[in-house]
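Q: heads up, no residue letters with this:
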């Protein structure tokens, strides 16, 4: 039997949702009939709008999809202005204030507290400036990710940016691919550093060479069926296909259609293509693609460059794109650390001005929730680096600041079990003040995800934290499972969950003790990931050793039962009414 | 039989049970269960992580739940567990501290 969501999608879905959305926006939130709200909220996702959680009735998260994280000159200012004007609600975040933008692990932007009545004006402003929320959420082609500095990166094998643009233009608003069984996440990478993180996407194109008519041609190997969610992490699997850049769109469309026609529409937990690849195996995926979905002979797999991957590997050069790096044109890109990806609207506007003053005005977003200012000439570099804003958004931050990634959490999200972003900020500050990494270790990634949906990509971090509950002195408290030793690279590895249900106030102490053991027992020059790999789970569990410290956690209680975790009167019965339509 | 049809749904990718178009039962609570099939603890202390399905048995609304016992660490999907009752069209959730018993047959 098809699910409720499939039934709703079969009635209205895709581009046509927009007219209904605008009609509801004009007539007011209350014009959505009570018994149709869930159906409409599900559909609004396709246009990038997610109704916030219980207690925040009438407010939406809006996701803006920026392909490959590229914000053309002027676009970051538009985002900042929209955040400043519209992303304000009844709750004030004690760390980030009243209006802010979140940069996500899939190179998109999220704004909160958006009112339905403001949506048409926001869409108009976005679209006038070449930005869109279309298919940012929902069961379709999501924002396409990759190495954000594609086309500029001196480490590039092939420029993936034209390919990504073509895919975006072909599959956004394309009725044939608008209604898939579940989300469809695509990564296209042209650089040799692995920064597109293809392994954790539904569909990945990775740089590879193929001998065609006696000549080495640069194109992409194709992998299918990666993803981290639901306690069922999978790495994308090689399907023995190499594709030339001008045929990427055909192969991507073929695989998207294969998923559309063969994915499970009766069980959303089993719907992602990773489960179809489990069931079929890569060979059958290839055969079906060849026989039914493309009209040319597929090439077999090419020679990849995975041995050169460094991004998020836990060792070697360039684990992220923070800092000053060479561009192919002789200028520089400067990666700035945005702790947990959240930036106040005023800072967004300041950064947009700095990007225009020192660079071309272009800004790009990485999959580690950071921003990159591109096209900064050598002559302007020192002055740019001296700007006061960069004291906070540093190109050379503490490893604990640099390595922190966090999802949205119970502040706004229905799925999360625990509060995340503010907690991760507090963790990072405490670790920076209290813990030293061993000499020579300058990368340490800690990812905090509120639940098994894994939006913070916890399984590919040195230390993976995942929302849980436990009892402390008999009372339920927020807790975190601790996983260790995850990372990408030539031989990607998911974290091993070695310690379960650590009360949140004991997590910083646990990480401090873990790092102390690592420092004392590591072999010379050994990376944390290698250190984890040569110990068994019991040994690692002993290293974690949870402990109370002077770290205090103000959100130990069940933040899910609040209307907003940081409100003075946070009880559900104190929740604000839906915003009045104006 | 009960006069009024009760609309039941699992929403938000398993985060909520909706009763008559209102989100009523959330994940991330701790439930005490008598669930010998799930783990060997005398009482399972279950973190509710995800609702798999929702149904009714007479006036009782029941759900199958993915979760983990925080006492022993066992994970799994439960049988049908009562989450509340519908009476006169109104839904009342079972007290959070109650011990819930997995129904044997369905």
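A: All right, it came through fine. All of these numbers come straight from a predicted model, not from anything done at the bench.
Q: which parts of chain A sit against chain B?
A: A:4, A:34-35, A:37-38, A:54, A:230-231, A:268-269, A:414-418, A:451-453, A:467-471, A:476, A:479, A:500-501, A:558, A:560 (Cβ under 8 Å from any Cβ of the partner chain). The way it works is simple: take the backbone N, C-alpha and C, and place the C-beta from them, glycine included.
Q: relative to residue A:279, how far out is residue A:359?
A: Per Cβ to Cβ, to the nearest Å, residue A:359 is found 48 Å from residue A:279.
Q: ok, these two, which is more surrounded?
A: residue A:359 (22 against 12; other Cβ atoms under 10 Å in any protein chain shown).
Q: residues contacting the more buried one?
A: By Cβ atoms under 8 Å, 6 or more residues apart in numbering or on different chains, the contact list for residue A:359 reads A:331, A:373, A:374, A:375, A:376, A:380, A:384.
Q: swap in 6 Å and give it another go.
A: By Cβ atoms under 6 Å, 6 or more residues apart in numbering or on different chains, the residues touching residue A:359 are A:373, A:374, A:375, A:376.
Q: quick one: the second one is in a strand?
A: Yes. In this structure, residue A:374 lies within a strand as judged by DSSP: H, G, I helix; E, B strand; the rest coil.
Q: buried set for stretch A:313-331?
A: Within stretch A:313-331, the residues scored as buried using 16 or more other Cβ atoms under 10 Å in any protein chain shown are A:313, A:314, A:315, A:318, A:319, A:320, A:321, A:322, A:323, A:325, A:327, A:331.
Q: residue A:320 touches residue A:368, doesn't it?
A: Yes. Applying Cβ atoms under 6 Å as the test, residue A:320 and residue A:368 come out as touching, 5.0 Å apart.
Q: for residue B:61, see how far away residue B:86 is.
A: From residue B:86 to residue B:61 the distance is 6 Å (Cβ to Cβ).
Q: ok, now residue A:231?
A: 26 Å.
Q: the stretch 201-350 of chain A: strands as residue ranges?
A: Along the stretch 201-350 of chain A, the stretches classed as strands by DSSP state E, counting those that start in this stretch are A:203-212, A:215-224, A:237-243, A:303-304, A:323-326, A:332-336, A:342-344.
Q: of these, which is nearest residue A:111?
A: Smallest distance to residue A:111 across the strands of the stretch 201-350 of chain A (Cβ to Cβ): 11.0 Å, for strand A:342-344.
Q: so how far is the closest one off the chain centroid?
A: Averaging C-alpha positions (Cα atoms, centre = their mean, to the nearest Å) puts strand A:342-344 15 Å from its chain's average.
Q: helix or strand for the spatially most central residue of chain A, which one?
A: In chain A, the centroid-proximal residue (Cα atoms, centre = their mean) is residue A:105; its distance is 1.8 Å. Taking DSSP states H and E as the definition, residue A:105 sits outside all helices and strands.
Q: now do the same contact list for it.
A: So residue A:105 contacts A:367, A:457 (Cβ under 6 Å, 6+ apart).
Q: and it, how close does it get to residue A:151?
A: Remark: distance between residue A:105 and residue A:151 (Cβ to Cβ) = 22 Å.
Q: biggest strand in chain B, by residue count?
A: Determined from DSSP state E, the single longest strand within chain B is strand B:44-57.
Q: ok, residues contacting it?
A: By Cβ under 6 Å, 6+ apart, strand B:44-57 touches A:469, B:8, B:10, B:14, B:17, B:27, B:29-31, B:33, B:35, B:38, B:62-71, B:77.
Q: among these, which ones are buried?
A: Buried among these (16+ other Cβ under 10 Å): A:469, B:8, B:10, B:14, B:17, B:27, B:29-31, B:33, B:35, B:38, B:62-71.
Q: just checking, which of these belong to strands?
A: Short answer: these in strands (DSSP E) are A:469, B:8, B:10, B:17, B:30-31, B:33, B:62-69.
Q: specify which member of those residues is nearest to residue A:204.
A: Nearest member of these to residue A:204, counting by Cβ to Cβ, is residue B:66, at 28.2 Å.
Q: re earlier: so for the buried residues of stretch A:313-331, which is the shakiest by pLDDT?
A: pLDDT across those is lowest for residue A:315, at 82.
Q: roughly how far apart are residue A:551 and chain B?
A: Spatial separation of residue A:551 from chain B under the definition Cβ to the nearest Cβ, to the nearest Å is 22 Å.
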